[in-house]
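Engineer: got a structure for you, letters missing:
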């Protein structure tokens with residue numbers, strides 16, 4: 001498994017990161033533990049989670065269960081040192097966590113303590129802000145995104161005080177490094193600027209959606225990543241399963257995400273299926289597994305630190321892990337570029 005630097009932290013993370021958001025709903029604890037064991041056996045050293053997980057569905061009753069699954073694995077295996085662990089503090093609006101309170105110095109301390117307890121560890125390697133208080137253009141909100149309504153003064157003050165709170169957690173030893181999620185180029189640049197000005201922890205990564213169907217990162221954020229060493233942790237690199245081809249022709253397999261979330265979080269559109277057909281055709285012409293095509297494309301991008309994938313069974317897990325050995329020729333990459341130009345932003 002290829003290892004990539006995590007920003008300027010000195011840590012090396014596997015190019016594939018094991019996502020965990022189904023552990024506690026679609027997956028049992030024992031299934032989650034089996035996935036961790038298999039992933040580590042295949043060279044993965046990076047696990048991503050969040051205090052609000054699991055999903056599908058999200059609920060107050062299950063919130064935090066995913067971190068508990070991971071914590072129980074640490075306790076049982078004694079292998080905390082073999083894992084680079086990333087988790088996230090929820091942003092404003094999600095009522096099942098702190099009644100939807102925004103990220104603040106008070107909620108950072110409270111969230112860190114809760115995650116440490118559930119994870120049965122005394123430190124978190126990468127602590128990420130799940131989404132900005134001011135809002136985000138991710139989650140299909142790009143179509144009506146209007147940053148002119150943001151309050152710049154309040155936003156910068158929030159960043160300064162939150163970074164100070166994160167600095168105190170670094171000093172306490174509870175977190176090692178920080179990252180962002182669902183963030184913009186401007187927002188990331190401000191976090192970097194403020195860290196440099198006040199000596200706080202430097203942003204190591206951005207966890208944003210990225211796949212053959214969602215390529216917002218290719219322009220301004222790619223430039224920022226190149227110059228500032230802030231790598232992308234891509235979530236939904238298989239576009240919530242669309243890029244596997246399993247939903248083509250109206251199919252909805254039992255137990256799949258679409259069987260639980262009918263619109264795949266806004267990703268299910270007529271144009272998405274047309275785009276998927278184009279990528280499936282490329283895979284077929286070149287004898288490549290569509291899962292490997294989608295994941296290997298992500299891994300080929302110069303700004304990619306790690307691609308986060310999830311699985312609901314061991315067959316899916318092994319199939320995804322096989323992407324680490326896949327190769328995309330120049331011809332394949334050219335055909336991908338052609339397909340992308342014909343099918344931009346399908347959702």
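Structural biologist: Yes, it's here. Quantities reported herein were computed from a predicted structural model and do not represent experimental measurements. Residues are numbered from 1 along each chain as shown.
Engineer: So which residue of the chain lies furthest out from the middle?
Structural biologist: residue 285 (30.1 Å; Cα atoms, centre = their mean).
Engineer: Show the contacting residues for that one.
Structural biologist: residue 335 (Cβ atoms under 8 Å, 6 or more residues apart in numbering). For the C-beta atoms, the positions are set from N, CA and C on the backbone; glycine is no exception.
Engineer: Tell me how far it lies from residue 269.
Structural biologist: Residue 285 is 25 Å from residue 269, where distance means Cβ to Cβ, to the nearest Å.
Engineer: and if you look at residue 15?
Structural biologist: 29 Å.
Engineer: who's more crowded, those two?
Structural biologist: Between residue 15 and residue 269, counted using other Cβ atoms under 10 Å, residue 15 has the larger neighbour count: 21 against 16.
Engineer: Just give the nearest non-adjacent residue to that one, would you?
Structural biologist: Leaving aside its chain neighbours, residue 15 sits nearest to residue 2 (4.6 Å; criterion: Cβ to Cβ, 6 or more residues apart in numbering).
Engineer: Hmm, the one you found is touching residue 13, no?
Structural biologist: No - taking contacts as Cβ atoms under 8 Å, residue 2 lies outside contact range of residue 13: 10.0 Å.
Engineer: which of those two has more neighbours?
Structural biologist: The residue with more neighbours, out of residue 2 and residue 13, is residue 13; 27 against 12, by other Cβ under 10 Å.
Engineer: Helix or strand for the more buried one, just tell me which one.
Structural biologist: Assigned by DSSP states H and E, residue 13 falls within strand 12-14.
Engineer: Residues contacting that strand, please?
Structural biologist: Under Cβ under 8 Å, 6+ apart, the answer for strand 12-14 is 1-6, 43-46, 84, 305-306.
Engineer: can you list contacts of the helix or strand following that strand?
Structural biologist: Using DSSP H and E, the helix or strand that follows strand 12-14 in sequence is strand 16-19. Residues from elsewhere that reach strand 16-19 (Cβ under 8 Å, 6+ apart): 1, 35-36, 39, 44, 46-48, 86, 233, 235, 295, 299, 306-310, 320-321, 323-324.
Engineer: what residues are up against residue 211?
Structural biologist: With Cβ under 8 Å, 6+ apart, residue 211 has these contacts: 234, 236, 237, 238, 239, 243, 294, 298.
Engineer: any idea how far it is from residue 296?
Structural biologist: Distance from residue 211 to residue 296, by Cβ to Cβ: 12 Å.
Engineer: And the residue nearest to residue 15, how close does it get to residue 290?
Structural biologist: Distance of residue 2 to residue 290, given as Cβ to Cβ: 21 Å.
Engineer: just checking, which of the contacts of strand 16-19 belong to strands?
Structural biologist: Counted as lying in strands by DSSP state E, out of the contacts of strand 16-19, are 46, 47, 48, 86, 233, 235, 306, 307, 308, 309.
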